[in-house]
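1. What follows is a predicted protein model with its sequence.
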Amino acid sequence: MKLATYKDGSRDGQLVVVSRDLGTAHYATGIASKMQQVLDDWGFLSPQLQDLYDQLNSGRARHAFPFDPAQCMAPLPRAYQWADGSAYINHVELVRKARNSEVPESFYTDPLMYQGGSDDFIGPCDDVVVPSEAMGIDFEAEIAVVTGDVKMGTDADQALDGIRLVMIANDVSLRNLIPAELAKGFGFFQSKPATAFGPVAVTLDELGDAWDHGRLHLTVQSTWNGRKVGMCDAGPEMTFHFGQLIAHVAKTRNVRAGSIIGSGTVSNKGITDASGRTEWPKGYSCIAEKRCIETIQDGKPSTEFMKFGDTIRIEVKGKDGASIFGAIDQAIAAP
């Protein structure tokens, strides 16, 4: 099934069930009013939402209305936890190569993760408000999952059973703030403003065989200012699958229902031609990666970060060409 949260002036919005084709929706008020309620009591409430979803898809839902992504908050508007990984090691390799440094061996066996702010997510069509262009505004196209309860010490395969929903994300980064923060030794903070999520969160059965052992084998499309810059495969080159990321979080603590785990920037390897030059035909899912590619190819970056008025659209389509999660479609704005 597909679930979204509509704006109603409150912090947590109103839960709606959305049809498979994203054409219609129906308030879930008679079952649950908030997404967190469903995550807290998944076994009891999700079958009732599934019944409503089936009615909606068959045209039998009595109070259906046209679905409007612009009315959406993030599917889970605020979460108990937002932990974002760097599951695509190619992204790390590019960054390290651009500054002539090696990737530590441990990066291939132990996931990189940071704890982001989870009290103020933004909706898929909301402006990304940033204090200054000088901060180095960047988008990051990612996949994310929402969990149920996962016990401390759960292994990677068992952790896959804790996944309830899958979403797309724009994990906005302020690149020019990152070096000084990392130099302090405590990690990201002000360099990671509010994250945006796609209109709709979906259950695993909606993904069919595109979901395979914790990886989503579909293409993440990134369109910057109307120009498609990324067509990156999310599945094959995901070094750590979502079960491994969740198990990493759960190594020393319980993970509670309503936790969101991110994949990090979806990234694909380049192809080296006979002359020794490497090209990246699938493009990029963040500008920082494009700048690293330029540094590797030409000795310096030439692509600037985002400016006020720029737009970013992130979307994943199924094998039938239909949008699965709806699109993140945002503009960069001054306060």
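-> Yep, that arrived.
2. for the stretch 51-200 of the chain, what spans make up the strands?
-> Along the stretch 51-200 of the chain, the segments classed as strands by DSSP state E, counting those that start in this stretch run 65-66, 81-85, 113-116, 128-129, 137-138, 141-147, 163-170, 173-174, 196-197.
3. can you pull out the helices in this structure?
-> For the chain, applying DSSP state H gives helices covering 35-40, 42-57, 89-98, 156-159, 178-183, 242-249, 287-298.
4. In contact with Ala288, which residues are there?
-> Val95, Asp138, Ser173, Arg175 (CB atoms under 8 Å, 6 or more residues apart in numbering). C-beta coordinates here come from the backbone N, C-alpha and C atoms, glycine included.
5. any idea which residue sits dead centre in the chain?
-> Compute the mean C-alpha point of the chain, and by CA atoms, centre = their mean the closest residue is Ala169, 2.6 Å away.
6. give me the beta-bridge partners of that one?
-> Taking DSSP bridges as the rule, Ala169 bridges to Glu142, Phe197.
7. wait, doesn't it sit right on Val146?
-> No. Contact criterion CB atoms under 8 Å: Ala169 and Val146 do not qualify, at 11.1 Å.
8. How much space separates Asp119 from Lys97?
-> According to CB to CB, to the nearest Å, Asp119 stands 36 Å off from Lys97.
9. and if you look at Pro66?
-> Pro66 is 48 Å from Lys97, by CB to CB.
10. neighbour-wise, which of those two wins?
-> Each of Pro66 and Lys97 has its neighbours counted (other CB atoms under 10 Å); Lys97 has more, 16 against 7.
11. I'd say that one and Glu289 touch.
-> No. Judged on CB under 8 Å, Lys97 makes no contact with Glu289 at a distance of 11.2 Å.
12. residues in contact with Val265?
-> I think there's a mix-up here, since residue 265 is Thr and not Val. Counting by CB under 8 Å, 6+ apart, Thr265 makes contact with Ser86, Tyr88, His91, Glu140, Ala141, Glu142, Asp171, Ser285, Cys286, Glu289.
13. What about Pro301, how many residues nearby?
-> Number of residues near Pro301 (other CB under 10 Å) recorded here: 17.
14. Which pLDDT value belongs to it?
-> Here the pLDDT value assigned to Pro301 is 95.
15. re earlier: with respect to Glu279, which of the contacts of Thr265 is nearest?
-> Top of the list for closeness to Glu279, among these and by CB to CB, is Glu289 at 13.6 Å.
16. now stretch 229-245: how far from the chain's centre is it?
-> In terms of CA atoms, centre = their mean, to the nearest Å, the centre of stretch 229-245 is found 11 Å from the chain centre.
17. Let me fix that, I meant to ask about stretch 132-151.
-> 6 Å.
18. And stretch 249-263, by the same measure?
-> Chain-centre distance of stretch 249-263: 15 Å, with CA atoms, centre = their mean.
19. Quick one: mean pLDDT for it?
-> Mean predicted lDDT for stretch 249-263 stands at 98.
20. CA atoms only for it, dumped as PDB, please.
-> Extracted C-alpha coordinates of stretch 249-263, given in PDB (Å, rounded to 0.1, in the frame of the first residue of the first chain):
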ATOM      1  CA  VAL A 249      22.300   1.400  14.400                       C
ATOM      2  CA  ALA A 250      21.000  -1.400  16.600                       C
ATOM      3  CA  LYS A 251      24.500  -2.600  17.700                       C
ATOM      4  CA  THR A 252      24.300  -0.800  21.100                       C
ATOM      5  CA  ARG A 253      20.700   0.300  21.400                       C
ATOM      6  CA  ASN A 254      17.100  -0.600  20.500                       C
ATOM      7  CA  VAL A 255      15.700   0.900  17.300                       C
ATOM      8  CA  ARG A 256      12.100   2.000  17.800                       C
ATOM      9  CA  ALA A 257       9.100   2.200  15.500                       C
ATOM     10  CA  GLY A 258       9.200   5.400  13.500                       C
ATOM     11  CA  SER A 259      13.000   5.400  13.000                       C
ATOM     12  CA  ILE A 260      14.100   6.500   9.500                       C
ATOM     13  CA  ILE A 261      17.300   5.100   8.000                       C
ATOM     14  CA  GLY A 262      18.800   6.700   4.900                       C
ATOM     15  CA  SER A 263      21.000   5.100   2.200                       C
END
